[in-house]
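J.: predicted model follows, preceded by the sequence.
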Amino acid sequence: MTGFIVGAVEIGLAVLLGILAYRIATLSRFHQVTAAPRIPVGPPSGVHGSLEAAAATRDAYQRVATRHSRLHPADIVTQLHILASLQQTDARRHGLELQGADRSLKVLAAAYFYGAAYGLTFSAGQDREKITDSAVKVIQHALDLGNMSVHQILATLTESSSTLHCYRNGLEGAEHWQAHRFVPDNQSLYASLTANALI
């Protein structure tokens, strides 16, 4: 009788192990993550929330990537400076000062500004890499990051649905700002931070 119970338990564990392996393989196809160390940001989210955030971000990215603009790369960097200043001013108006904020809040803000940079630079062609480097400098200056590496922050962008949400809001907010010269409240830096961080 004991042999029968042990055998049943072993079969049950083998089935569970098979199901676990199948789920890991399925999720790894949909969720590519960099090997950089994870920076904890905002409240933890489940796998389902991360997959939804990744899909929504991918859709926004592809939509913005299809736009065509005639802006010179220097104009795009100037626009990023202006957009960053406007969004920081709006956050300060709501009582949120980013210069002295916690690291986790600055990580979310960096993701937002990086999304905004890509929202403004897609059409720049071969100069996109140069503009991205300039965007990193804008982010460094705007957030007064000190010794924190913007590149390290951005390497972990896909590890959290909170950072993906901020990136997507920056991307869509910049797209809207470029066309209409204002960012909708639900896509603002302040709204992105308060929706994804404990302030």
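T.: Okay, I see it. Numbering: from 1, shown residues only.

J.: residue nearest the centroid of the chain?
T.: Residue closest to the mean C-alpha point of the chain, counted by C-alpha atoms, centre = their mean, is Leu164 at 3.0 Å.

J.: relative to Leu51, how far out is that one?
T.: To Leu51, Leu164 is 10 Å away according to C-beta to C-beta, to the nearest Å. Placement of C-beta: from N, CA and C, glycine included.

J.: and the host helix or strand of Thr121, what does it pack onto?
T.: For Thr121, the enclosing helix or strand under DSSP states H and E is helix 103-121. When contacts are defined as 3 or more C-beta pairs under 8 Å, 6 or more residues apart in numbering; DSSP states H and E, helix 103-121 packs onto helix 47-65, helix 73-93, helix 128-143, helix 150-155, helix 161-180, helix 189-196.

J.: can you rerun that using 7 Å?
T.: helix 73-93, helix 128-143, helix 150-155, helix 161-180, helix 189-196 (3 or more C-beta pairs under 7 Å, 6 or more residues apart in numbering; DSSP states H and E).

J.: which of the ones you listed has the lowest average pLDDT?
T.: If you rank these by mean pLDDT, helix 128-143 sits at the bottom with a mean of 81.

J.: how far away from the center of its chain is it?
T.: Distance of helix 128-143 from its chain centroid, counting by C-alpha atoms, centre = their mean, to the nearest Å, is 15 Å.

J.: check what pLDDT the residue sitting furthest away from the middle of the chain gets.
T.: Farthest-out residue of the chain from its mean C-alpha position, per C-alpha atoms, centre = their mean: Met1, at 55.9 Å. Met1 carries a pLDDT value of 75.

J.: any idea how far it lies from Gly7?
T.: Distance from Met1 to Gly7, by C-beta to C-beta: 11 Å.

J.: on the three-state scheme, Leu198 is what?
T.: Three-state assignment for Leu198 (DSSP: H, G, I helix; E, B strand; the rest coil): coil.

J.: what's around Asp75, how many residues?
T.: 13 (other C-beta atoms under 10 Å).

J.: revised request: answer the last question for Arg58.
T.: Count around Arg58 with other C-beta under 10 Å applied: 12.
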